[in-house]
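**Q** Need coordinates for the below:
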Amino acid sequence: MALGIGLLASGCKSAPDLSKSDAAQMVQAYYSAQQVSNLNIIVNNDGMVKGALDKYWARTTVYPNRYWADFKLTPEGKKLFKLADGSDTIKWRPDSPADSKFRVTLTTIAPKHPKAHDFGDVESVGDTTRTVPFIESVDFAGVPQPVQDLAHMPGNLLSAKRTADFALENGAWKVQSVE
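**A** Numbering: from 1, shown residues only. Just a heads-up that it's a prediction; the model follows:
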């Protein structure tokens with residue numbers, strides 16, 4: 001009888017635990033191994049005013065219709081942003097003076113990795129598969145507060161719900177994907 005219990009116990013190998021803390025460390029390491037990316041910041045009329053007040057750009061030209069304008073990036077603005085067309089001039093071209101939908105996109109110079117946080121419970125999908133929900137957000141470490149304020153204006157996506165899929169490989173958990 002003892003021999004039967006011993007064989008039964010030795011034949012059942014269970015997967016090692018995957019804690020929230022372990023999952024968080026592995027997902028952040030996964031992000032750190034990925035290519036860094038720049039943040040695109042959508043700027044509306046209020047953002048244009050704020051950026052001018054923060055001295056990131058200055059108006060250089062006002063067109064005859066009085067609602068089109070060109071804004072040149074200041075030396076400080078050039079350290080923080082780049083424009084898709086490679087120039088240093090924001091071309092503000094709304095359809096009318098009351099056009100509240102017109103926006104421009106600025107790209108930050110300093111690339112960042114996303115930040116993973118607020119991990120949910122580890123869920124078992126099978127003997128060798130686990131999933132963990134979490135929040136992915138923009139890492140604003142080292143980014144000046146006025147730029148963070150611009151990024152927090154309407155139209156910018158700064159966080160998203162994600163799920164990390166883990167698989168057991170050679171006795172250890174590995175991140176398979178993040179969706």
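**Q** use CA for all of it now, contacts and neighbours both
**A** Noted.
**Q** how about S100, what does it touch?
**A** Each residue near S100 by Cα atoms under 8 Å, 6 or more residues apart in numbering is listed here: 44-45.
**Q** Tell me if I am right that it is in a helix.
**A** No: the secondary structure assignment for S100 gives coil rather than a helix, going by DSSP: H, G, I helix; E, B strand; the rest coil.
**Q** Look up the pLDDT of it for me, please.
**A** With respect to pLDDT, S100 scores 91.
**Q** just G6 next, same as before
**A** On the pLDDT scale, G6 is placed at 41.
**Q** Check G126 too.
**A** The score at G126 is 88. That number is its pLDDT.
**Q** just the strands in the chain please.
**A** 40-43, 57-62, 69-73, 81-83, 89-92, 104-108, 115-117, 123-126, 129-137, 159-169, 172-178 (DSSP state E).
**Q** Let me know which of these is tucked in deepest.
**A** Here the criterion is mean neighbour count by mean count of other Cα atoms under 10 Å, and of these the winner is strand 40-43, at a mean of 22.
**Q** same for that one, what does it pack against?
**A** If contacts are counted by 3 or more Cα pairs under 8 Å, 6 or more residues apart in numbering; DSSP states H and E, strand 40-43 sits against strand 104-108, helix 145-151.
**Q** Domain ranges for the protein, per the record?
**A** According to automatic domain parsing, the chain is divided into the following domains: 16-36+113-144+154-179, 38-110.
**Q** hmm, back to that, can you redo the helices and strands packed on strand 40-43 as a markdown table with distance to K79?
**A** As requested, these are exported to a markdown table (distance: least, Cα to Cα, whole Å):
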| stretch | distance to K79 |
| --- | --- |
| strand 104-108 | 9 |
| helix 145-151 | 12 |
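**Q** what's the closest of the ones you listed to K50?
**A** Comparing the helices and strands packed on strand 40-43 against K50 with Cα to Cα, the closest turns out to be helix 145-151 (7.7 Å).
**Q** How about residues contacting that closest one?
**A** The list of residues contacting helix 145-151 from outside it, by Cα under 8 Å, 6+ apart, reads 41-43, 47, 50-51, 54, 140, 158.
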